[in-house]
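>>> Here is the input, now give the coordinates:
(one chain, ligands or ions: 1)
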Amino acid sequence: MNLNIKNETGKLKSVVLGQPKSNGPIPTLAESYDAKSYNTIENDIYPKEEDIVFEMSEFEKVLKKYDVEVFRPKIIKDYNQVFARDVAFVIEDKMIISNIIPDRADEQEAYRHIIDKVSWRNVVNLPEKAHIEGGDVIVWDEFLFIGTSYSPDYRNLKTARTNEYAIEILKEYFPKKRIIDLDLKKSDTKPYEGILHLDCTFNPIGEDKCVIYKNGFVDEDDYQLVLDIFGEENCFNVNDEEMFQMFPNVFSIAPDVVVSDKAFTRMNDHFRNEWGITVEEIPYREISKMGGLLRCSTLPLVRE
Ligand SMILES: NC(=[NH2+])NCCC[C@H](N)C(=O)O
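As a prediction, the model looks like this:
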């Protein structure tokens, strides 16, 4: 397979969609590794397997409708495999194998049959101390946006998944890209006070637009930089509650087609009426309770 990912919105040809089956028992608070799941467990509203199976099958239907080739990871018994995004990621023709949080490390083996389709020359393994997950990596033509945490508490935070060392290595692999590192607020237990991955606070849409949540960034300058790159009029700002609902984490199938949650009325209307985008609405409320949404559920392999 010839990988090709130059941006977030080019016409999608092939993708990996995560796997909702055999999701395992409800995690304990101590077992949770993101603030949204922590909150869901605490409030006794962790999703049921049948509901997340239904939501992902709705997502798959939309992908098939647009003739996208869909790969799935093999099922690991009692293991959460919904969020394909973080396990590996594609930049241009390279597949970078993430050094994911240890709690999720077993997920990678389930992708072996997919990774094996890529020539070994294009598969990049990183040194052990370079931490990175695909949710923190946003490819946007000459730009590579990377979410990270420069918090002195990095080592103790389960929600800090990408470090400076990994960013330095990506600079060497992609010397022509303008790498923009963005310091994200972190909290392992309070979903309104931290951002798990960059794609929970910022996501490009269409040819030149984006969705963004200002308070996700430690430095207002980082937010301002993104605004300068896209142009203020091209940025759809979401509020605290909308960030919590995961508005930024929608998924583009083409520059003019976005898959979104049907609950995101204010944003979906804006996409349609102001930006002329077709919005494929699906139910995804239950999956949102586990700390990710539509972008997180996918790992794009080829875009036109
Ligand atoms: N790209 C993303 N935002 N992925 C969301 C992953 C959520 C998952 N519960 C985790 O903590 O790893």
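>>> Taking the chain, what residue is nearest to the ligand?
residue 135 (2.2 Å; CB to the nearest ligand atom). (Glycine included, C-beta is placed from N, CA and C.)
>>> any idea how far residue 71 is from the residue nearest to that residue when sequence neighbours are not counted?
Leaving aside its sequence neighbours, residue 135 sits nearest to residue 197 (CB to CB, 6 or more residues apart in numbering; 2.9 Å). According to CB to CB, to the nearest Å, residue 197 stands 21 Å off from residue 71.
>>> Would you mind naming what in the stretch 51-200 of the chain lies close to the ligand?
Residues of the stretch 51-200 of the chain lying close to the ligand by CB under 6 Å from any ligand atom are 83, 85, 86, 104, 135, 196, 197, 199, 200.
>>> Pick out whichever of residue 197 and residue 71 has more residues nearby.
Shown here are residue 197 and residue 71; by other CB atoms under 10 Å, residue 197 has more neighbours (27 against 16).
>>> what's near enough to touch the more buried one?
Counting by CB atoms under 8 Å, 6 or more residues apart in numbering, residue 197 touches 85, 86, 133, 135, 136, 147, 161, 184, 292, 296.
>>> for these, which one is nearest residue 39?
Lowest distance from residue 39 to the contacts of residue 197 (CB to CB) belongs to residue 292, with 13.6 Å.
>>> Check which helix or strand the closest one maps to.
Under the criterion DSSP states H and E, no helix or strand holds residue 292.
>>> Could you find the closest non-adjacent residue to it?
Closest to residue 292 by CB to CB, 6+ apart is residue 83, at 4.6 Å.
>>> and what of residue 203?
Once flanking residues are discounted, residue 203 sits nearest to residue 248: 4.6 Å by CB to CB, 6+ apart.
>>> Count the residues that sit near the one you found.
The local packing of residue 248 (other CB under 10 Å) involves 25 other residues.
>>> With residue 143 instead?
Number of residues near residue 143 (other CB under 10 Å) recorded here: 16.
>>> what's across from it in the sheet?
Taking DSSP bridges as the rule, residue 143 bridges to residue 140, residue 178.
>>> For it, give me its contacts.
177, 178, 179, 180, 229.
>>> does residue 211 count as helix, strand or coil?
What DSSP: H, G, I helix; E, B strand; the rest coil gives for residue 211 is strand.
>>> Read off the pLDDT value for it.
pLDDT, residue 211: 98.
>>> Please verify my assumption that it contacts residue 248.
Yes. Assessed by CB atoms under 8 Å, residue 211 is found in contact with residue 248 at 4.6 Å.
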